[in-house]
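Chemist: predicted model and sequence follow; I will ask about them next.
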Amino acid sequence: MAYIEPAPLKDKENPFEAMMSRFHVAAQILGLEDEIYNVLKNPARQVIVSLPVTMDDGSIRVFEGYRVIHSTILGPSKGGIRFDPHVNLDEVKALAAWMSWKCAVVDIPYGGAKGGVTCNPREMSTGEIERLMRAYTQAMADVFGPDQDIPAPDMGTGPREMAWLMDQYSRYKGMTTHAVVTGKPLVMGGSLGRTEATGRGVMVSAMAAMEKLKINPYKATCAVQGFGNVGSWAARLLHERGLIVQAVSDLSGAYFNAQGIDIEKAIKYRDANKGSLEGFTGAEKISNDDLLTLPVDLLVPAATEDVITSSNVVGIKARLIVEGANGPTSSKADNVINEKGIMVVPDILANAGGVTVSYFEWVQNRLGYKWTADRVNRRSDRIMKDAFNNVYKTSQEYKVPMRIAAYMVAIDKVAKTYKFRGGY
Ligand code: NAD
């Protein structure tokens, strides 16, 4: 059957607009010159390729693939590859810029990039996905490189696809090149600690924020939206630090228990139940919307974008929001959150633990050496804590919310580096 492009979701905020509205405010407070503003606003490079792939039935289908490099000012660009029917150039551009700010805010020596192919991997065989990944890699062989542009998994891709990418690139170069991609399987140069890295970074950010807000973690309650990689790891690690996780959720709904959800039991249940919490006992079932407005100390949106919006923000009672997901808060909800005095640790800071450990994977590949999980965790915790303190200090100094402060830290770093390096 022919592929039909789905209609755009009309009530959703365009991710590029959401990012640009915050970028604009931060740039104004910093007094960023118009020239530099324009440099940082526009992606450095946009590559679009047509990828003919032989399907299992012998027909040839042509897929469209993208790679957008937003910036290489701080170093080689870094960013995931998305295989999804909604992939389009605008979205890839926004996500590439997002990566620039994320890397800059945690002070790792990368620029930002993103890639994607408009396809539906759920309707493709393993062989078709492999041929598509190899075709994409071959088409981008001159874009990628350990010192140029380093891809990683994103929605619809994982370690398996990264293994094919690494292999195809290595064939093209005539030498094994581990450091061209991160998120690889552990046996072929992946890093220990990567799976839990984003959830762990969320926990470190939450603990640092609670310390500033004088919230005692042993008396604090929390709700986590999304029980995938980020949400379940964040819930588990927050519970280990003493918090009572009163609610968790996934696409099947939300599960509430005032005494605390047994997180290990919930993870075991999900793993034995095709990844879903549907039917989980030991909790009362509530809706995902109700989870967001629970009277908890900490709210962790770790599912998807645009869940805290102008229509539900008024009901939010948490004192602290730590954004595990990318873009969970629409820019229109920002003002109400600020008026309510809720502290938000924004996505570009709170979920940067993942890219930090990806950076460690690249470092280990280049060293030809493997670190222990303990070393990876200690180093990523330190990077996350330092980044949090830096953003917090900026927010106090300029009397701005943490989100704007994070953009200010990132933009300032990239702009200053640009000025030192110089343009034409
Ligand atoms: P995942 O696919 O492993 O899990 C997503 C979870 O959210 C699932 O439990 C799913 O059922 C649930 N979910 C989806 N839509 C929902 C909705 N509308 N309401 C409630 N639950 C919903 O994904 P993940 O890797 O955990 O990523 C989650 C978010 O974190 C995404 O925004 C992703 O971009 C972001 N993120 C992930 C990483 C990473 O390292 N995995 C890094 C940075 C940012």
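Modeler: Nice, I can see it.
Chemist: check for me that Ala152 belongs to a helix.
Modeler: No - under DSSP: H, G, I helix; E, B strand; the rest coil, Ala152 sits outside any helix and is assigned strand.
Chemist: contacts only, for it.
Modeler: For Ala152, the set of contacting residues under the criterion of CB atoms under 8 Å, 6 or more residues apart in numbering consists of Lys78, Gly79, Gly80, Ile81, Met162, Val181, Thr182, Gly183, Val355, Ser358. Any C-beta I mention is one placed from the backbone N, CA and C, and that applies to glycine too.
Chemist: measure the nearest residue to Cys103 once chain neighbours are set aside to the ligand for me?
Modeler: Among residues not flanking Cys103 along the chain, Tyr110 sits closest, at 4.1 Å (CB to CB, 6 or more residues apart in numbering). Distance check for Tyr110 against the ligand: by CB to the nearest ligand atom, to the nearest Å, it reads 14 Å.
Chemist: can you pull the phi/psi pair for Tyr110?
Modeler: Dihedral angles of Tyr110 (phi, psi; degrees, to the nearest 10) stand at phi -130, psi 150.
Chemist: my read: it touches Ile73, true?
Modeler: No - in this structure, Tyr110 is not within contact of Ile73 by CB atoms under 8 Å, at 10.0 Å.
Chemist: quick one: pLDDT of Tyr369?
Modeler: What the model reports for Tyr369 is a pLDDT of 97.
Chemist: what parts of the chain come near the ligand?
Modeler: Taking CB under 6 Å from any ligand atom as the contact definition, the chain meets the ligand at 198, 225-231, 249-251, 288, 302-304, 324-326, 351, 354.
Chemist: which residue ranges of the chain form strands?
Modeler: Along the chain, counting by DSSP state E, strands occupy 45-54, 60-71, 77-84, 111-118, 149-153, 221-225, 244-250, 253-256, 284-286, 298-301, 320-322, 343-345.
Chemist: tell me what angle the fifth one forms with strand 45-54.
Modeler: For the pair strand 149-153 and strand 45-54, the angle between their directions (axes from the mean of the first three to the mean of the last three CA atoms, to 10 degrees) equals 50 degrees.
Chemist: rewinding a little: more neighbours: which of Tyr110 and Ile73?
Modeler: Legend: neighbour count by other CB atoms under 10 Å for Tyr110 and Ile73, higher for Tyr110 (25 against 22).
Chemist: and the helix or strand bottoming out on mean pLDDT in the chain, which residues are buried?
Modeler: Taking mean pLDDT, DSSP states H and E as the measure, helix 15-30 is the helix or strand of the chain with the lowest mean score, a mean of 87. Applying a neighbour-count criterion of 16 or more other CB atoms under 10 Å, one finds Pro15, Phe16, Ala18, Met19, Met20, Arg22, Phe23, Val25, Ala26, Ala27, Ile29, Leu30 buried in helix 15-30.
Chemist: list just the nearest of those residues to Pro217.
Modeler: Closest approach to Pro217 among the buried residues of helix 15-30 (CB to CB): Arg22, at 28.9 Å.
Chemist: longest single helix anywhere in this protein?
Modeler: When secondary structure is assigned using DSSP state H, the longest helix within the chain turns out to be helix 373-398.
Chemist: elements contacting it?
Modeler: Contact analysis of helix 373-398 by 3 or more CB pairs under 8 Å, 6 or more residues apart in numbering; DSSP states H and E lists helix 194-213, helix 347-350, helix 353-367, helix 402-421 as its packing neighbours.
Chemist: quick one: distance of it to the chain centre.
Modeler: When C-alpha coordinates are averaged (CA atoms, centre = their mean, to the nearest Å), helix 373-398 and its chain have centres 17 Å apart.
Chemist: now that helix and helix 15-30, what's the angle there?
Modeler: Using the same axes, to 10 degrees, helix 373-398 lies at 60 degrees relative to helix 15-30.
Chemist: avg pLDDT for helix 373-398?
Modeler: Mean pLDDT, helix 373-398: 98.
Chemist: so what's the residue nearest to Val87 when sequence neighbours are not counted up against?
Modeler: Counting by CB to CB, 6+ apart, Val87 lies nearest to Gly116, which is 3.7 Å off, once chain neighbours are set aside. Listed by CB under 8 Å, 6+ apart, the contact partners of Gly116 are Gly65, Tyr66, Ile81, Arg82, Phe83, Asp84, Val87, Glu91, Val92, Asp154.
Chemist: what of Gly279?
Modeler: For Gly279, the residues meeting the contact criterion (CB under 8 Å, 6+ apart) are Asn273.
Chemist: please save the CA atoms from stretch 136-144 in CSV.
Modeler: What follows is the C-alpha trace of stretch 136-144 in CSV, where atoms were taken according to Å, rounded to 0.1, in the frame of the first residue of the first chain:
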residue,chain,number,x,y,z
TYR,A,136,21.4,6.3,4.4
THR,A,137,24.9,5.8,5.8
GLN,A,138,26.4,5.5,2.4
ALA,A,139,24.6,8.6,1.2
MET,A,140,25.9,10.5,4.3
ALA,A,141,29.4,8.9,4.3
ASP,A,142,31.0,12.3,3.6
VAL,A,143,28.9,14.1,6.2
PHE,A,144,29.5,11.6,9.1
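Chemist: for Tyr398, see how far away Ile29 is.
Modeler: If you measure Ile29 against Tyr398 using CB to CB, to the nearest Å, the figure is 6 Å.
Chemist: do the same with Met20
Modeler: In this structure, Met20 and Tyr398 are separated by 20 Å, where distance is defined by CB to CB.
Chemist: swap in Asp90?
Modeler: Asp90 sits 31 Å away from Tyr398 when distances are taken as CB to CB.
Chemist: go on, Arg200?
Modeler: When distances are taken as CB to CB, Arg200 and Tyr398 turn out to be 29 Å apart.
Chemist: the two: which has the busier surroundings?
Modeler: Taking Arg200 and Tyr398 together and counting by other CB under 10 Å, Arg200 has the greater number of neighbours (25 against 14).
Chemist: quick one: end-to-end length of stretch 74-92, please.
Modeler: The separation between the terminal residues of stretch 74-92, taken as CA to CA, to the nearest Å, is 20 Å.
Chemist: in the stretch 151-300 of the chain, which residue sits closest to the ligand?
Modeler: The nearest approach of the stretch 151-300 of the chain to the ligand comes at Gly228, 1.7 Å away (CB to the nearest ligand atom).
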